[in-house]
Every structure is written in C-alpha cells, then in structure tokens.
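Participant: Give me the fold of what follows.
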Amino acid sequence: PFASVEEMDAAIIEGINSRVSPHDWLYHLGDFSFRGGDPAAYRARIRCRNMVLVLGNHDPIYADGRARPEFASLFTLVSSLLNVTVQIEGQAQILVLCHYAMRTWYRSHRGAWHLHGHSHGSLPDDADSLSWDVGVDCNEYAPVSVAEIAGIMSRKRFVPVDHHGSSHGQANEGRT
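Facilitator: Residues are numbered from 1 along each chain as shown. Next comes the predicted model:
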C-alpha cells in the first residue's frame with residue numbers, strides 16, 4: 001500500500017505517535033528496522049520514551065541472538081521473549097510477547113495471552129487460541145492498546161493443543 005519504504009516508515013511512525021504518549025510504554029514485537037535503515041534516526045522520530053523491543057529476525061543481532069549494543073541502547077529493554085502482567089478492569093492479565101507465533105506458551109492453559117508479529121497477517125486467526133498477531137501491517141499500521149487486545153481476546157477461548165487442560169493436565173493442577 002506504500003510507494004516507498006520512506007512512505008511506509010512515515011505512516012508507521014505517525015501511527016505510533018498518534019496513539020502512544022511520551023510517557024506510555026510501547027512494546028514493539030520485532031523487526032524494528034530492516035537492513036540498510038538507520039535505527040537511531042527512526043527511533044528518534046518516535047515520541048514515546050519507554051520503548052521495549054522484543055527482538056525479531058530482521059533486527060541487528062549476533063549469531064547467539066543477543067542484540068548489538070548500539071542497537072539495544074535505543075530501547076528501555078530488549079529481550080527475545082517477555083512475560084508482562086497488565087491490569088485490565090482491576091484483574092491481572094499475563095501477556096506473553098514474542099516476535100514469533102507459538103502454539104503453547106507460559107501459562108497458556110491458565111488464560112495467558114500470546115501476542116506476536118513476524119507473519120504479517122499470513123497466519124489464519126484461531127478463535128480457539130488466546131493468541132493474536134499484533135503486527136502493524138495487520139492493524140492499520142498502528143500499535144494496538146491493551147483495551148483493544150482485551151476486546152479481541154474476549155471473543156476467543158482456550159482449547160488445549162497438548163496435555164494442558166486434558167485430564168492429565170488437570171491432575172497436575174497447581175504445577176506450572
């Protein structure tokens with residue numbers, strides 16, 4: 001939908017800056033800048049100061065998966081996988097953040113939500129999985145809020161794809 005990479009970058013940055021205040025927390029689920037771009041210049045155009053990056057396959061990383069220091073310094077925190085607890089209507093909700101889609105994740109059988117990117121909307125959404133592709137190309141080139149995520153997840157349900165939730169998993173209630 002864009003004539004150039006520059007036009008796409010401008011649209012994404014406008015989407016971020018129009019929805020996220022300088023004091024909010026923004027979780028970016030990877031592929032912050034593609035090869036050849038200037039990550040520092042791109043980051044400087046984003047007004048939000050509290051930015052967490054979950055590394056993607058197009059981010060500048062070493063072979064062992066660690067972010068290059070000059071790149072990591074642009075963010076409040078950098079990780080390849082992150083578990084975050086947010087409050088939604090006074091209730092704690094665990095979010096498992098990863099660049100890649102997962103079939104099972106930490107506490108998936110206990111209602112944790114999994115948010116990912118990477119697939120650019122090419123994976124079919126699964127109403128029986130508490131996961132969602134939050135990539136900007138799936139969401140009008142803008143980040144989604146916790147309230148929007150809660151709205152999507154309220155229409156989904158957890159159906160186990162492994163032993164969690166089966167009679168075997170229920171016998172292990174209390175174990176994680």
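Participant: so where's this structure uncertain?
Facilitator: Low-confidence segments of the chain, defined by pLDDT under 70: 35-36, 166-176.
Participant: The residue positioned nearest the centre of it - nearest residue in space that isn't next to it in sequence?
Facilitator: With distances taken as C-alpha atoms, centre = their mean, residue 29 lies nearest the centre of the chain, 3.9 Å away. Leaving aside its sequence neighbours, residue 29 sits nearest to residue 117 (C-beta to C-beta, 6 or more residues apart in numbering; 4.1 Å). For the C-beta atoms, the positions are set from N, CA and C on the backbone; glycine is no exception.
Participant: okay but that neighbour is in contact with residue 134, surely?
Facilitator: Yes - taking C-beta atoms under 8 Å as the definition, residue 117 is a contact partner of residue 134 at 6.5 Å.
Participant: Mutual contacts of those two, please.
Facilitator: Residues touching both residue 117 and residue 134 (C-beta atoms under 8 Å, 6 or more residues apart in numbering): residue 29.
Participant: which residues touch the helix or strand harbouring residue 42?
Facilitator: For residue 42, the host element (DSSP states H and E) is helix 39-44. Here helix 39-44 makes contact (C-beta under 8 Å, 6+ apart) with 9, 13, 32, 33, 51, 60, 70, 71, 74, 75.
Participant: Just the buried residues of the helix or strand following that helix, please?
Facilitator: Sequence order places strand 50-54 as the next helix or strand after helix 39-44, per DSSP H and E. Neighbour-count burial for strand 50-54, counted by 16 or more other C-beta atoms under 10 Å, picks out 51, 52, 53, 54.
Participant: Same question for stretch 153-166.
Facilitator: 153, 156, 158, 164.
Participant: Now do the contacts for the first one.
Facilitator: Residues in contact with residue 153, defined by C-beta under 8 Å, 6+ apart, are 113, 130, 132.
Participant: hang on, the earlier thing: and the buried residues of stretch 153-166, which of them are in helices?
Facilitator: Among the buried residues of stretch 153-166, the members falling in helices (DSSP state H) are residue 153.
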